[in-house]
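Colleague: build me a model from this:
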Amino acid sequence: MCNRHDCEIPPDLMIEILIRLPTKSFMRFKCVSKQWSPLISGRYFCNRLFTCVTRQQQQQPRLYMCLVAKDKQCVLLSSTSPDNTCFVLVDQDLSIPGYFFASVPGLLCFQFGTKACIYNPSTKQLLTLPSVKSDITAQQGQLKTTQYYIGRDPVNDQYKLVCTILIYSKLFANMSSEHWVFTLELGGSWKKVVPLGNYHPHAPATAGRSIDGVVHYLAWVDLYKCAVVSFNIRSEEVTTFLLPRKIWDVPVPALMMKADLIEYDGKLAIFSHSYLKDEGLVELWVLKDAAGKKKWSNMILVLQPCQRHLVHGIDLIVKGTTQDGKVILSPLEMRSQFYILCYDVQNNDLRKVEITGVPRLWLHKECNFDLKFMDESESFIYLEI
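Modeller: Down below sits the predicted model:
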């Protein structure tokens with residue numbers, strides 16, 4: 001008969017046993033003992049589990065759709081990819097009366113009011129972050145808005161949430177903005193970011209796009225000037241640089257959601273579809289680094305005549321890009337019939353993809369919807385703050 005120490009299972013062996021069990025059981029296993037909880041929540045275990053699963057099966061991208069009814073009921077559905085949009089139910093009642101603001105591999109992020117929520121669809125964990133205690137206060141006649149973004153530091157393997165708070169008067173006058181960052185880890189809290197010297201107060205206008213550890217978004221500096229705002233997740237530095245007038249001198253593209261940032265050939269680009277609905281034209285501005293200087297190159301895409309009917313009279317919004325670089329466009333309003341448009345910029349080809357699998361009771365509900373594309377179908381990140 002062995003004593004207690006002889007029967008103990010080494011941590012490395014325990015991890016190898018656990019990673020071969022169903023992932024949905026891990027949350028229950030954390031309650032087994034004080035030793036198991038930090039073991040399962042640890043970064044080494046998560047990375048080991050991810051490596052094991054990716055060897056067994058190829059990770060498939062997922063497209064998530066969130067429907068929020070007027071009564072605040074919320075449903076989350078997912079599809080294996082934009083090319084196979086038969087959606088299945090992920091969560092019937094998230095209790096999140098809000099909307100997507102971003103997604104990173106394995107995590108979906110929602111905003112309701114001034115608070116942010118992080119949701120892990122694999123573990124069904126939902127984490128609500130505390131509100132930011134802003135240093136700026138709206139005066140009489142001023143408005144105050146809060147916008148969140150999320151990104152990942154690939155070097156330190158850290159996820160960070162960025163909060164931009166804006167105070168302004170009518171027509172973007174008397175504008176003041178500040179930024180806060182929250183690291184998703186034990187003991188995390190909001191920390192104010194000190195902008196660099198070239199900083200311009202601004203009003204965020206689009207969702208964020210994360211490229212190589214940097215979150216970018218379009219913003220208005222005033223009623224007539226547009227800028228790209230960049231936040232480096234690792235260094236926590238925020239910078240702004242004004243766009244040339246030739247880019248934004250169209251009928252308020254960002255303000256009317258007629259343009260957004262995308263990743264094109266590994267570079268930051270602006271996809272402007274201001275004239276897509278009426279003229280079948282798309283402008284693509286790609287930011288290139290030539291001899292240490294940033295330079296925008298421009299190309300104009302003309303939709304094929306046989307595809308013009310897909311966009312005629314329809315207001316669209318950019319929902320990101322697929323792994324192979326196609327731009328996902330979604331109608332601003334959808335009733336009874338759900339679909340997306342996939343724009344292949346390289347081949348100048350537009351394709352309509354029907355969305356099926358939406359619960360019947362939601363087909364005729366008055367509701368808001370949003371779409372987010374997530375690169376990996378599984379996440380082994382445990383949300384503990």
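Colleague: list the buried residues in stretch 62-69.
Modeller: Judged by neighbour count (16 or more other CB atoms under 10 Å), stretch 62-69 contains these buried residues: 62-68. (Each C-beta comes from the backbone N, C-alpha and C, glycine too.)
Colleague: and if you look at stretch 303-318?
Modeller: 303, 307, 310-311, 316-318.
Colleague: can you tell me which of these are in helices?
Modeller: Among those, DSSP state H puts none in helices.
Colleague: these: which two are farthest apart?
Modeller: Pairwise distances among the buried residues of stretch 303-318 were taken by CB to CB; the largest, 18.4 Å, belongs to 307 and 317.
Colleague: thinking again about what came up before, which one of the buried residues of stretch 303-318 is nearest residue 213?
Modeller: Residue 213 lies nearest to residue 318 out of the buried residues of stretch 303-318, by CB to CB, at 21.6 Å.
Colleague: which stretches of this protein have low pLDDT?
Modeller: Applying pLDDT under 70 to the chain picks out residues 1-8, 19-27, 30, 33-34, 41-61, 81-85, 91-98, 248-257, 335-336, 375-385.
Colleague: okay, helices next: where are they in it?
Modeller: Going by DSSP H, the chain shows helices at 4-7, 11-18, 26-29, 36-41, 43-56, 245-248, 276-279.
Colleague: beta partners of residue 241?
Modeller: residue 228 (DSSP bridges).
Colleague: OK, contacts around residue 236?
Modeller: By CB atoms under 8 Å, 6 or more residues apart in numbering, residue 236 lies in contact with 160, 181, 191, 193.
Colleague: which of the residues you listed count as buried?
Modeller: By neighbour count, with 16+ other CB under 10 Å, the contacts of residue 236 hold 160, 181, 193 as buried.
Colleague: got TSV for those, with distance to residue 166 too?
Modeller: Formatted as TSV, those follow (distance: CB to CB, whole Å):
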residue	distance to residue 166
160	20
181	16
193	14
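Colleague: residue 357 touches residue 80, doesn't it?
Modeller: No: assessed by CB atoms under 8 Å, residue 357 is found out of contact with residue 80, at 11.1 Å.
Colleague: before we move on, the earlier item: out of the contacts of residue 236, who's nearest residue 122?
Modeller: Taking those together and measuring to residue 122 by CB to CB, the closest member is residue 160, at 20.4 Å.
Colleague: close enough to count as contact, the closest one and residue 180?
Modeller: No: counting by CB under 8 Å, residue 160 does not reach residue 180; the two are 10.5 Å apart.
Colleague: domains of this protein: list them as residue ranges, please.
Modeller: Here the domain parsing of the chain from automatic domain parsing is 8-56, 62-374.
Colleague: and the most centrally placed residue in the chain, how far is that from residue 350?
Modeller: Nearest residue to the geometric centre of the chain (CA atoms, centre = their mean): residue 102, 2.0 Å. Using CB to CB, to the nearest Å, one obtains 25 Å as the distance from residue 102 to residue 350.
Colleague: and if you look at residue 269?
Modeller: Going from residue 269 to residue 350 by CB to CB gives 17 Å.
Colleague: thinking again about what came up before, hey, which of the domains of the chain is tucked in deepest?
Modeller: domain 62-374 (a mean of 17; mean count of other CB atoms under 10 Å).
Colleague: ok, the closest residue to residue 192 other than its chain neighbours - contacts?
Modeller: Counting by CB to CB, 6 or more residues apart in numbering, residue 192 lies nearest to residue 180, which is 5.5 Å off, once chain neighbours are set aside. By CB under 8 Å, 6+ apart, the residues touching residue 180 are 132, 162-163, 165, 190-193.
Colleague: which pair of the residues you listed spans the longest distance?
Modeller: Spanning the widest gap among these are 165 and 191, at 13.7 Å by CB to CB.
Colleague: sorry, back to before: nearest to residue 273, of the contacts of residue 180?
Modeller: Among the contacts of residue 180, residue 162 lies closest to residue 273 (CB to CB), at 26.1 Å.
Colleague: I'd say the closest one and residue 148 touch.
Modeller: Yes: with contact defined as CB under 8 Å, residue 162 reaches residue 148; the gap is 6.9 Å.
Colleague: quick one: end-to-end distance for stretch 309-319.
Modeller: 20 Å (CA to CA, to the nearest Å).
Colleague: ditto for stretch 111-129
Modeller: Chord length of stretch 111-129, first to last residue, is 10 Å (CA to CA).
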